[in-house]
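Chemist: Dropping a prediction and its sequence here:
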Amino acid sequence: MPTITKETFNTKKILDRGFVKLAGFMGGDAKVVKSARVTFGSSSKGEERDRRLIEYLLRHKHFTPFEHSIFQFHVKCPIFVARQWMRHRWGSFNEISARYTQVKDEFYIPEKFRLQDKINKQGSINAEIKDNEELIKVYRHAIKNSYEAYLTLTKSNIAKEMARMLLPVAQYTQFYWTVNARSLLNFLTLRMDEHAQWEIRQYASAIGKIFRDKMPWTWEIYQKISAKK
């Protein structure tokens, strides 16, 4: 029987205050092989043939065997990243609730701003911004004011579910995400792409390394196939 890992390792620090942590794992490359070969009433046929099977499955989009390997992540990220993340609906999410808990003074502060991409309307570009430090001060000031207003409301016994409404999407949130390897590869394909927002790419890159450690055959073949597209 596969075992569930303890939440004591594979923590990756992301951005200024965030992290992604492998909280649990069940399955692996061998589980993919077993799940595929059960169709023919057979099992492992040795490393070389098993690796070839995984490559065949990925190349020909026979993805269901990958659904039998399960990852669970504990994530801390800004709300705007979480909202992009949760568009990937083939997984289970449980997020901390600001209706029940006091929001901490934890907000994402970028080191520098990026400019709006004039071609890709939803994207940004790295460029020299002469007044970047002054603009970061404006950003910090706005966050400080919003959090102080939040505290004023909660100290006046205003319901948390209403006081939270004035907080910016730079606020850090936390959630657990349980996802199978098939859906995780789809997430990584989209969120490691250069067109994804830089902040979520940092999380996707860290998760890619965890995937590589847990399912090295699948990751290696996935990378090889992706490079040829």
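Modeler: That came through, no problem.

Chemist: So which bits of the helix or strand hosting I200 are buried?
Modeler: If you go by DSSP states H and E, I200 is part of helix 198-214. For helix 198-214, burial by neighbour count (16 or more other C-beta atoms under 10 Å) applies to E199, I200, R201, Q202, Y203, A204, A206, I207, G208, I210, F211, K214. For every residue, glycine as well, the C-beta is placed using N, CA and C.

Chemist: I'd like the average pLDDT over the longest helix out of those in the chain.
Modeler: Across the chain, the helix with the greatest residue count (assigned by DSSP state H) is helix 132-155. Per-residue pLDDT over helix 132-155 has a mean of 98.

Chemist: pLDDT score assigned to the nearest residue to N94 once chain neighbours are set aside?
Modeler: Nearest residue to N94, sequence neighbours excluded (C-beta to C-beta, 6 or more residues apart in numbering): Y176, at 4.9 Å. Here, the pLDDT recorded for Y176 equals 98.

Chemist: on that earlier part again, name the residues that touch the helix holding I200?
Modeler: With C-beta atoms under 8 Å, 6 or more residues apart in numbering as the test, helix 198-214 has contacts from 10, 12, 14-15, 18, 20, 22, 25, 28, 69, 71, 73, 75, 77-78, 80-81, 84-85, 108, 114, 124, 181, 184-185, 187-188, 191-194, 196, 218-220.

Chemist: Can you tell me which of the residues you listed end up in helices?
Modeler: Going by DSSP H, the helices hold 80-81, 84-85, 181, 184-185, 187-188, 191, 218-220 from those.

Chemist: got a pLDDT number for G41?
Modeler: Model confidence at G41, given as pLDDT, is 70.

Chemist: pLDDT weak spots in this protein?
Modeler: For the chain, the stretches with pLDDT under 70 are 1-9, 229.

Chemist: 90 instead?
Modeler: Scanning the chain for pLDDT under 90 picks out 1-10, 39-46, 89, 116-130, 226-229.

Chemist: Please parse the protein into its domains.
Modeler: 11-96+172-227, 115-166 (automatic domain parsing).

Chemist: looking at those domains, which is closest to Q102?
Modeler: Proximity to Q102 (C-beta to C-beta) singles out domain 115-166 among those, at 6.9 Å.

Chemist: Among the buried residues of helix 198-214, list the two that are farthest apart in space.
Modeler: So, the buried residues of helix 198-214 by C-beta to C-beta: farthest apart are E199 and K214, at 24.0 Å.

Chemist: chain center to the longest helix of the chain: distance?
Modeler: 27 Å (C-alpha atoms, centre = their mean, to the nearest Å).

Chemist: Next secondary structure after it?
Modeler: helix 160-163.

Chemist: Alpha carbons of that following helix, as PDB, please.
Modeler: Coordinates of each C-alpha in helix 160-163 appear next as PDB, following Å, rounded to 0.1, in the frame of the first residue of the first chain:
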ATOM      1  CA  LYS A 160     -14.800  40.200  10.200                       C
ATOM      2  CA  GLU A 161     -16.700  39.200   7.000                       C
ATOM      3  CA  MET A 162     -17.300  42.900   6.400                       C
ATOM      4  CA  ALA A 163     -14.100  44.400   7.600                       C
END
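
Chemist: No more questions from me, cheers.
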